[in-house]
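Peer 1: Fold the following.
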Amino acid sequence: MYVSLTTGNDIPGERFVIDADTLLAELEAGDPEQVPAEAVRLASVGAQSGTADQQQQTGVGLERNGIVPSSYQQLARQALPAQLSGCWYRPELVIEAIANCSRLVLLGAPGSGKTTILHYLVVTLAQRLLQRDQSDASAVWRHHVDQLLQPGIPIPIFCSLGRVAAQFGHDPSADIHTLLVTLLSSVVETTRWVVPSTTVLLAWRQGHVILCFDGLDDVSNVLVETSRGLLSPRQRMVKALDQLSDQVGRSRMVVTCRTPAYHQYASARLSDTWRIRTIQPLHMGQVRQFITTWHQNVSQLPQSPWTPDAAQARARDLLRTLEHLPGLRELTTSPLLLTMLVLLDYHARECTAARVDMYEELVQLLLERWHLIRTTRHEQQAQPTSDRHGLEQINRSNLRSIIHEIAFEAHRSTSSGPGGLSVAAMRQRIDHFLPGRSIQRHLGGCPVRSMWR
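Peer 2: Residues are numbered from 1 along each chain as shown. A predicted model of the protein is given here:
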């Protein structure tokens, strides 16, 4: 699934002059609700009346990727000319954006796959460097990864920006050094490989590395006193990333961030030399592909409870359930929640129309697995749960209690709209949960902050 994630940028293809029936048939065959992302066909359509200079736009076309799922049906309801001209488009894959943009800011909603696709890219490139078999990766993924291999296979380095921000001192002028040291420490900790930073930077300038920075939104945007005045850790991080960008030459850099957090403050955005892409919600075609492929792969495991035929039957049953329960269909637009739905079904927990029951199961999985997804094994071993959250008293049980209380208050409240809760009310609940400790002390890097979004 993560290899087929798309951005909001559609790629133009060949132009066409065809009859209306052919156009409708092509769009139906490439409907994003029915086919995988790489098979989607979109069209910008104008009427063919005389020469190209005389063509008149009909106003009929597909909106860029939020594309109307049944767009061909929308066109079919209109009185179309006998001949239509226009241009074919296809959605841009995330891996394609990474290959084509040397400086990329990858935005997305929580659970949209930002962290996981960076992890998968790092593993893919590491396997190439080790010359290991990659037959399990899709052909489309391998094709776009090949574009990253010029002039050679880049060394992938993954770094959590929250970890970097935790090392910032009082002097912002040292931030670029802190970023570099923390970045290299992720390599040294696992390989015991020690090389002078000047040697590393020289290799980077020649394009031999791809730097994957995860979680700009995990860095606090609260202003704090520094030797250069009031600055937020996120402002300092953005400046350090821009400085590093100027030094690494042809090597690629990717930074992930949640969409609202990036657009909210202009002072905490990267420079205009960075390209911005936003991961799109999953269409049903991507959901079908993931569920079918996942069950097929599970059936091939030695300990699998299913034969290949039984696995495909199970996949068809789950797809039928999603089609008949619109409430669950909404959850499948998120790669994380879709994965969890499949895992719940795998463990024989029935998918029901009662979303409250499904959310209960999903919350349990999130509490158990979210940190494992977002961090490396080294970080998990080095940092217990209480330290991770910056709160000595916290554990999975009482974190669940506060989530329940906040959810109940949000459900009961009408001041912020259905399901809404003001920041003030949120703070009051958390401060009540942590007597004598203001939540203000934990804004920087505290995952509870994520719930406010």
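
Peer 1: quick one: secondary structure of residue 210?
Peer 2: strand (DSSP: H, G, I helix; E, B strand; the rest coil).

Peer 1: and it, what is it in contact with?
Peer 2: 98, 121, 125, 148, 154, 155, 156, 157, 251, 252, 253, 254 (Cβ atoms under 8 Å, 6 or more residues apart in numbering). (Glycine included, C-beta is placed from N, CA and C.)

Peer 1: could you list every residue that touches the fifth one?
Peer 2: When contacts are counted by Cβ under 8 Å, 6+ apart, residue 154 is found next to 125, 148, 207, 208, 209, 210, 251, 252.

Peer 1: which one among the contacts of residue 210 gets closest to residue 227?
Peer 2: Relative to residue 227, the closest of the contacts of residue 210 is residue 253; by Cβ to Cβ it sits at 26.8 Å.

Peer 1: ok, now how distant is residue 18 from residue 40?
Peer 2: Computed as Cβ to Cβ, to the nearest Å, the residue 18 to residue 40 distance reads 18 Å.

Peer 1: higher neighbour count, the two?
Peer 2: A side-by-side neighbour count of residue 18 and residue 40, using other Cβ atoms under 10 Å, places residue 40 first with 25 against 17.

Peer 1: Just give the nearest non-adjacent residue to the more buried one, would you?
Peer 2: Of all residues not flanking residue 40 in the chain, residue 32 sits nearest, at 4.7 Å (Cβ to Cβ, 6 or more residues apart in numbering).

Peer 1: does that neighbour sit in a helix, a strand or a coil?
Peer 2: coil.

Peer 1: For it, give its distance to residue 226.
Peer 2: In terms of Cβ to Cβ, residue 32 sits 47 Å off from residue 226.

Peer 1: neighbour count winner among those two?
Peer 2: Under the neighbour definition other Cβ under 10 Å, residue 32 and residue 226 were set side by side, and residue 32 has more, 26 against 19.

Peer 1: wouldn't that one be in contact with residue 285 here?
Peer 2: Yes - using Cβ atoms under 8 Å as the test, residue 32 is close enough to residue 285 to be in contact (5.1 Å).

Peer 1: Quick check: next helix or strand after the strand or helix carrying residue 290?
Peer 2: Assigned by DSSP states H and E, residue 290 falls within helix 284-299. As assigned by DSSP H and E, the chain's next helix or strand after helix 284-299 is helix 308-324.

Peer 1: On the C-terminal side of that next one, identify the next helix or strand.
Peer 2: Taking DSSP H and E, what comes next after helix 308-324 is helix 326-331.

Peer 1: counting contacts, what elements does that next one pack onto?
Peer 2: For helix 326-331, the contact count by 3 or more Cβ pairs under 8 Å, 6 or more residues apart in numbering; DSSP states H and E identifies helix 308-324, helix 335-346, helix 355-374 as packing neighbours.

Peer 1: elements contacting the second one?
Peer 2: Helix 335-346 is packed against helix 284-299, helix 308-324, helix 326-331, helix 355-374, with contacts defined by 3+ Cβ pairs under 8 Å, 6+ apart.

Peer 1: quick one on the thing from earlier: quick one, the helix holding residue 290 and helix 308-324 angle?
Peer 2: Angle, helix 284-299 to helix 308-324, by axes from the mean of the first three to the mean of the last three Cα atoms, to 10 degrees: 150 degrees.

Peer 1: Give me the domain ranges for this protein.
Peer 2: Domain ranges of the chain: 9-91, 101-278, 284-373, 384-452, per automatic domain parsing.

Peer 1: quick one, what contacts residue 289?
Peer 2: 1, 4, 36.

Peer 1: how far away is the residue nearest to the first one when sequence neighbours are not counted from residue 127?
Peer 2: By that I understand residue 1. Spatial nearest neighbour of residue 1, chain neighbours left out: residue 290 (3.8 Å); criterion: Cβ to Cβ, 6+ apart. Residue 290 sits 21 Å away from residue 127, going by Cβ to Cβ.

Peer 1: Looking at these two, which is more packed in?
Peer 2: Taking other Cβ under 10 Å, residue 290 and residue 127 do not tie; residue 290 has more neighbours (22 against 14).

Peer 1: Could you verify my assumption that the more buried one touches residue 338?
Peer 2: Yes - using Cβ under 8 Å, residue 290 is in contact with residue 338, at 6.6 Å.

Peer 1: shared neighbours of those two, which are they?
Peer 2: Going by Cβ under 8 Å, 6+ apart, residues that sit against residue 290 and also against residue 338 are 1, 282.
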